[in-house]
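Chemist: Sharing a model that was predicted from the sequence below.
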Amino acid sequence: MNRARWAFGLVVVATVGMWLGIVLAPGKDESATVLYQQVLDARGRELASAWLFVLAGASFAVGGALILARLGSRVAQVGVLMLIAGSVWPVARGVSAALAVAAVDADAGPGLFDSMTGSAAWGPLLVFLPVFLLAPLVLGIGLWRAGLAPPWPGLLWIVGVVVYVALESSTLPAGIGFAVAGVGLCWCVASAVGRASTAQFQASRA
């Protein structure tokens, strides 16, 4: 299997893994006390979700790196670079969820739990979230402008992400939203991989 196919396989695995992480994780609440109880009641699911997010982030980074040099479209290259950089976010989310389980296991209580896992503790890493969310859109635009893919993959990603972000605290709608977004992402990468070794793709400039 060549590098391009490995890249596509890793992105598909990462996308499916992240979707499973979203579906497995308990619903999120803004209240630290309620969230503490949610994690306590679903410790195994939260821990499985945490590792799925970490592995997804690593797979996105490696998959993107494998096809970056083969992209002829500069805009598409920027999109893949953003995907690589943005992969820090799923890793950070996974580590945060694992710490949440550790806090619950240690009977830390809601106060310490919130200080370990709240947005203030992870604020600097939240900058990678918009990078991750915009990466497939930029990749899709680059491929579309180069005539290598239709606009639909990028549009699917945007629609799915809007649903996912708006309804993240509710597992089923968030899972549906990310499933739609994941189809768009995998479609974008499939288009890139399908052209990665052709002269047309190498010669394209957006």
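Modeler: Right, received. Where do you want to start?

Chemist: Name the helix or strand for the spatially most central residue of the chain, please.
Modeler: In the chain, the residue lying closest to the centroid (C-alpha atoms, centre = their mean) is P90, at 5.7 Å. In this structure, P90 sits in helix 88-105 according to DSSP states H and E.

Chemist: In that helix, which residues are buried?
Modeler: By 16 or more other C-beta atoms under 10 Å, the buried positions in helix 88-105 come out as 88-101, 103-104. All C-beta atoms are positioned from the backbone trio N, CA, C, and that covers glycine.

Chemist: for stretch 2-22, same thing?
Modeler: Those would be 3-4, 7-12, 14-22, for stretch 2-22 by 16+ other C-beta under 10 Å.

Chemist: Mind checking which of those are in helices?
Modeler: Among the buried residues of stretch 2-22, the ones falling in helices (DSSP state H) are 3-4, 7-12, 14-22.

Chemist: The closest residue in space to L10 that isn't next to it in sequence: what's it in contact with?
Modeler: Once flanking residues are discounted, L10 sits nearest to G63: 3.4 Å by C-beta to C-beta, 6 or more residues apart in numbering. By C-beta atoms under 8 Å, 6 or more residues apart in numbering, G63 lies in contact with 6-11, 14, 189.

Chemist: circling back to that earlier point, dump the residue contacts of the residue nearest to the centre of the chain.
Modeler: 18, 21, 53-54, 56-57, 60, 132.

Chemist: Report the secondary structure state of S169.
Modeler: Here S169 is recorded as coil under DSSP: H, G, I helix; E, B strand; the rest coil.
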